[in-house]
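Asks: structure of the sequence below:
(2 chains)
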There are 2 protein chains.
Amino acid sequence: MGTTLYVCTTCKAGEPVPEGDLPPGLRLYAALAAKGAPEGIRIVGVECLSACNTGCAVSLTKPGAWSYVYGRLTLDDVPAILEGAGKYAATTDGIVPWRERPVVFRKQSMARIPPQMPFEEAAE
Amino acid sequence: MGTTLYVCTTCKAGEPVPEGDLPPGLRLYAALAAKGAPEGIRIVGVECLSACNTGCAVSLTKPGAWSYVYGRLTLDDVPAILEGAGKYAATTDGIVPWRERPVVFRKQSMARIPPQMPFEEAAE
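Replies: Next comes the predicted model:
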């Protein structure tokens, strides 16, 4: 199952963006894309992950697995983000053992969402 | 498509929980469940949404739609959470027009994650 690493490209990381500068989120996206995604992962830029107070933000998601959102990321975190994405992709449920997670993933989780499960409609 | 409202039941909302007290997250879950979910929505308690610094937290998700995480919620927000969940459930893509969202959803979004999309494997 393919993993998607979403990167918020509009993120200003809580700071004004000087005229002519790229938003920090777009620079993070470009740096991740330049490094290249580990196998089985696609890197997708997305406009606003609604984590504006805790940007820059990325999200890791794949079908049948927990999804995660990480925040307060900088360009220095690019190698750790890709390492963590690779470990996430290698799981079936999205849960990487705590000690194996990059420090930035341990300390800067903004939220996670359970896998989408079959929905049994209540009797109507 | 069924909507799930996940509620973090372990959330301490950043405060110590006195001996014998229920965690704030569990109380929020109980209050939501007691009010009852709008049609087409199930309320599911979940251990830890990894939004511990911004609890109490809930998540709205459904297949093919954007998922949202909201934080810093209290028992006073129960009616707004259920109202917002109902509006979310009525959309196809999870995006409720901004002005129609409850104030607590406008101001306390922690993150959102795009819908899961088909994954075209890169050529290997």
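Asks: near chain B, which residues of chain A?
Replies: Within chain A, the residues that sit near chain B (C-beta under 8 Å from any C-beta of the partner chain) are A:1-2, A:4, A:6, A:39-40, A:42, A:44, A:46, A:48-51, A:54, A:57, A:59, A:61-63, A:67-69, A:71, A:109-114, A:116-117, A:119, A:121-122. Every C-beta, even on glycine, is put in place using the N, C-alpha and C of the backbone.
Asks: helix, strand, or coil at residue A:112?
Replies: Three-state call for residue A:112 (DSSP: H, G, I helix; E, B strand; the rest coil): strand.
Asks: which among the residues of chain A next to chain B count as buried?
Replies: A:2, A:4, A:6, A:40, A:44, A:46, A:49-51, A:54, A:57, A:59, A:61-62, A:67-69, A:71, A:109-114, A:116 (16 or more other C-beta atoms under 10 Å in any protein chain shown).
Asks: low-confidence ranges, chain A, go.
Replies: Low-confidence segments of chain A (pLDDT under 70): A:1, A:118-124.
Asks: ok, residue A:8 - contacts?
Replies: Contacts for residue A:8 (C-beta atoms under 8 Å, 6 or more residues apart in numbering or on different chains) come out as A:25, A:29, A:45, A:46, A:47, A:48, A:49, A:51, A:55, A:56, A:57, A:58.
Asks: again with residue A:91
Replies: By C-beta under 8 Å, 6+ apart, residue A:91 lies in contact with residue A:65.
Asks: what of residue A:114?
Replies: Listed by C-beta under 8 Å, 6+ apart, the contact set of residue A:114 reads A:66, B:4, B:6, B:44, B:46, B:59, B:61.
Asks: mind checking the SS state of the third one?
Replies: Three-state call for residue B:6 (three-state DSSP): strand.
Asks: wait, which of the contacts of residue A:8 is closest to residue A:101?
Replies: Comparing those against residue A:101 with C-beta to C-beta places residue A:58 closest, at 13.9 Å.
Asks: got the phi and psi for the closest one?
Replies: Main-chain torsions, residue A:58, degrees, to the nearest 10: phi -130, psi 160.
Asks: ok, residue A:70 - how many residues close by?
Replies: Applying other C-beta atoms under 10 Å in any protein chain shown, we find 29 residues neighbouring residue A:70.
Asks: thinking it is in contact with residue A:81, fair?
Replies: Yes - using C-beta atoms under 8 Å, residue A:70 is in contact with residue A:81, at 7.5 Å.
Asks: so what sits against both of these two?
Replies: By C-beta under 8 Å, 6+ apart, the residues touching both residue A:70 and residue A:81 are A:58, A:104.
Asks: just the strands in chain A please.
Replies: Counting by DSSP state E, one finds strands in chain A at the ranges A:3-8, A:41-46, A:58-61, A:67-70, A:109-113.
Asks: out of these, flag the one nearest residue B:75.
Replies: Closest to residue B:75 of these, according to C-beta to C-beta: strand A:109-113, at 20.5 Å.
Asks: report the contact partners of residue A:112.
Replies: So residue A:112 contacts A:66, A:67, A:68, A:69, B:48, B:49, B:50, B:51 (C-beta under 8 Å, 6+ apart).
Asks: fine, thanks again, bye for now.
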